[in-house]
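Colleague: Pasting the sequence and the predicted coordinates here, then a few questions.
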Amino acid sequence: MSRNTAWDVHQRAQAQDGPPRVWSGRSIVAGAGALFVGGVLAVEVYGMAASTVESHAPSDGPGGAVLILPFLACFGVPAALWGSLAGVLPLVWAARRLSVRVTGRDAWWWVPAVAAVAAVAVTAAVGIWAPGAGPLALTWLTSASLLTGAALIARDSALHGPRLLRTLGYGGLAAVAVFLVGAGVFGAGLLTEYGPPKVTAAQLAGTWSDGHGGTLRLGADGTARAEGLTDHESAYEDEADAHSARYRCTGTGRWAYVPGESTTWDQRLKLSVEGCEFDDFVSVYDDAGWSIGGTSDHPKLNREYGDLDAPEWYTLTR
């Protein structure tokens, strides 16, 4: 047997013992590129979805992906490279190993199967901070999709050569397509962007509750009475527990409705109650006061407190 023939036999024997190698620089880069593109698309879709649900402030919509693109470029690229090396490549390796062991050949469809299982672990970790059927289902679907797409592209790169430029090119086209489809869906009225209901002073008069024993009574004559209302801002300044009875206030005062100049987001309830620290009538800020939220049938009064960059909200309903 010649040396070349012996070498061919040796190579075939190695190929039959297991799947070909997937650990290479090009497959890592291809997987990272797919993760980065998938992250941008996920932010874009999330922006559209978030604009349809009730919120305390106007949503950035799909344009949010453009606004945070510099941030994604600075921090998302290193994170994508790490995710490709630590998550995508092991997934590709495991899928190909299982495929050869079970079926005797390297089948691509093992990748989404293994990714679906891996997404369960991601979902379980996220569930510690954000429990609930809706968030968990969305987490599993998003992580399974990202892992599957990145793993398939990394696998293809390991078998057939570099795929980074192709991935980024198709990803750019996909981002444009998502934007155009979303614009068409909103333009056709199939989805509607959320906006606070338009109210009047007469509609705001009545009794509002925070659900924890605190109430606010707004009289039709402009008088107000708080009973056990929580002054979160005072607690935040003291770095204390806002649920403490120490920060509940009771007293009388006045209120007024400000309709706003342009949109329903500008509506405010101005409130001043003796015995409570907040006084919206003396504030120099035009947006001081309680914003209007909820729906026409179930309006809400929302007051912002805490960190301006990551505020929390105190909500009254009736």
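Modeller: Sure thing, it's come through. Numbering: from 1, shown residues only.
Colleague: Every contact and neighbour count from this point should use C-alpha atoms.
Modeller: Noted.
Colleague: Report all helices and strands that the lengthiest helix in the chain contacts.
Modeller: What stands out as the longest helix in the chain, according to DSSP state H, is helix 133-160. Helices and strands touching helix 133-160, by 3 or more C-alpha pairs under 8 Å, 6 or more residues apart in numbering; DSSP states H and E, are helix 25-50, helix 89-103, helix 110-127.
Colleague: Not counting the second one itself, show me its contacts.
Modeller: Which is helix 89-103. Outside helix 89-103, the residues within contact range by C-alpha atoms under 8 Å, 6 or more residues apart in numbering are 18-19, 22-23, 27-28, 31, 105-108, 110-111, 113-115, 151-152, 154-155.
Colleague: now the last one
Modeller: With contact meaning C-alpha under 8 Å, 6+ apart, helix 110-127 is reached by 91-92, 94-96, 98-99, 136, 139-141, 143-144, 147-148, 151-152.
Colleague: Surely residue 224 is in a helix?
Modeller: No. Per DSSP: H, G, I helix; E, B strand; the rest coil, residue 224 lies outside any helix segment and is strand.
Colleague: what are the bridge partners for it, then?
Modeller: residue 218, residue 253 (DSSP bridges).
Colleague: Would you check that it makes contact with residue 216?
Modeller: Yes. Residue 224 is within contact range of residue 216, at 7.1 Å (criterion: C-alpha atoms under 8 Å).
Colleague: Mind giving me the packing neighbours of whatever helix or strand residue 229 lives in?
Modeller: Here residue 229 sits within strand 223-230, counting by DSSP states H and E. Contacts defined by 3+ C-alpha pairs under 8 Å, 6+ apart place strand 223-230 against strand 215-218, strand 248-258, strand 268-273.
Colleague: before we move on, back to that, can you give me the buried ones in the longest helix of the chain?
Modeller: Neighbour counts over helix 133-160 (16 or more other C-alpha atoms under 10 Å) mark 136, 139-140, 142-158 as buried.
Colleague: residue nearest the centroid of the chain?
Modeller: In the chain, the centroid-proximal residue (C-alpha atoms, centre = their mean) is residue 46; its distance is 6.2 Å.
Colleague: Next, format the helices and strands packed on strand 223-230 as JSON lines and append distance to residue 42.
Modeller: Listed next are the helices and strands packed on strand 223-230 as JSON lines, based on distance: least, C-alpha to C-alpha, whole Å:
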{"stretch": "strand 215-218", "distance to residue 42": "41"}
{"stretch": "strand 248-258", "distance to residue 42": "38"}
{"stretch": "strand 268-273", "distance to residue 42": "34"}
